[in-house]
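K.L.:
predicted model and sequence follow; I will ask about them next.
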Amino acid sequence: MKKRRFSEMGMLFWLCVALGLVLLIWPDLSTKLICFALGGILAVMGLVRIVLYFIRDGYLGMLRQDLTIGLLALGAGGFLLFWPQMVASFLPVLFGLLLLVAGADRLQAGLDLRRMGSRYWAGTVAAALVTLILGAVVLANPFDTALLLIRFIGVSLLVVGCVGLGSSIMVSRMVRSFYADRFDDPSRPLEVEAVDVTDSREDS
């Protein structure tokens with residue numbers, strides 16, 4: 001389960017890095033093109049999750065919520081592709097919410113590192129708080145021009161993506177080390193010795 005979480009959040013942070021670079025290099029890029037790009041990515045991710053739901057084991061599919069997440073991602077991607085003009089007006093709000101979600105996730109990651117005894121937890125928590133502040137600033141939109149807002153969003157996404165990827169790698173390594181210290185081979189199934197209690201019941 002932890003590995004799955006890292007994989008999904010890793011994709012989110014890579015998306016932040018890519019979007020941040022695009023907005024920094026082309027700050028005057030049409031919001032409609034941004035909506036098309038985001039919509040295409042979400043639609044592909046949704047289709048992949050739906051297909052995985054039908055080809056995976058039923059129990060695993062239930063745990064991963066592949067069908068639910070896939071349908072939501074596909075619906076969001078379709079909305080961005082077919083109605084980009086409606087989304088363009090509140091696109092900064094979506095980026096602000098994305099920053100808040102990333103910040104909340106990194107805050108939990110920092111607390112997880114603290115519980116596992118890592119000395120890097122304070123830096124991760126500080127980065128999470130900075131991310132939350134950046135998201136709040138984007139939502140408040142105190143900028144005079146749209147170009148400044150777009151550039152600020154680009155810098156914020158780039159910073160959040162890099163910090164998120166770094167902290168995700170640290171959390172993943174700490175989890176492996178955490179269980180490696182307690183079990184010789186975490187991938188080996190536990191061996192349980194059966195005890196026959198029939199004789200003891202008959203004696204009593």
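P.N.:
Perfect, thanks for sending it.

K.L.:
how much space between L132 and R56?
P.N.:
Taking CB to CB, to the nearest Å as the measure, L132 and R56 are separated by 35 Å. Backbone N, C-alpha and C define where each C-beta goes, glycine included.

K.L.:
so the two - more neighbours on which side?
P.N.:
Shown here are L132 and R56; by other CB atoms under 10 Å, L132 has more neighbours (18 against 14).

K.L.:
got the contact list for the more buried one?
P.N.:
For L132, the residues meeting the contact criterion (CB atoms under 8 Å, 6 or more residues apart in numbering) are 99-100, 103-104, 107.

K.L.:
put the alpha carbons of the helix or strand containing it into CSV.
P.N.:
Secondary structure assigned from DSSP states H and E places L132 in helix 121-140. Taking only C-alpha atoms (Å, rounded to 0.1, in the frame of the first residue of the first chain), the coordinates of helix 121-140 have been written out as CSV:
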residue,chain,number,x,y,z
TRP,A,121,11.4,15.4,9.2
ALA,A,122,11.8,19.0,10.1
GLY,A,123,12.9,20.0,6.7
THR,A,124,10.0,18.1,5.1
VAL,A,125,7.5,19.7,7.4
ALA,A,126,9.0,23.2,6.6
ALA,A,127,8.7,22.5,2.9
ALA,A,128,5.1,21.4,3.4
LEU,A,129,4.2,24.6,5.2
VAL,A,130,5.9,26.7,2.4
THR,A,131,3.8,24.7,-0.1
LEU,A,132,0.6,25.4,1.8
ILE,A,133,1.5,29.1,1.9
LEU,A,134,2.2,29.2,-1.8
GLY,A,135,-1.1,27.6,-2.5
ALA,A,136,-2.9,30.1,-0.3
VAL,A,137,-1.1,33.0,-2.2
VAL,A,138,-2.2,31.6,-5.5
LEU,A,139,-5.8,31.4,-4.4
ALA,A,140,-5.7,34.9,-3.0
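
K.L.:
and after that helix, which helix or strand comes next?
P.N.:
Once the chain leaves helix 121-140, the following helix or strand, as judged by DSSP H and E, is helix 146-180.

K.L.:
since we're on the nearest residue to P84 once chain neighbours are set aside, how many residues are nearby?
P.N.:
The shortest distance from P84 to any residue other than its chain neighbours is 3.7 Å, reached at C35 (CB to CB, 6 or more residues apart in numbering). Applying the criterion other CB under 10 Å, we find 22 residues in the vicinity of C35.

K.L.:
before we move on, what about G75?
P.N.:
Applying other CB under 10 Å, we find 13 other residues in the vicinity of G75.
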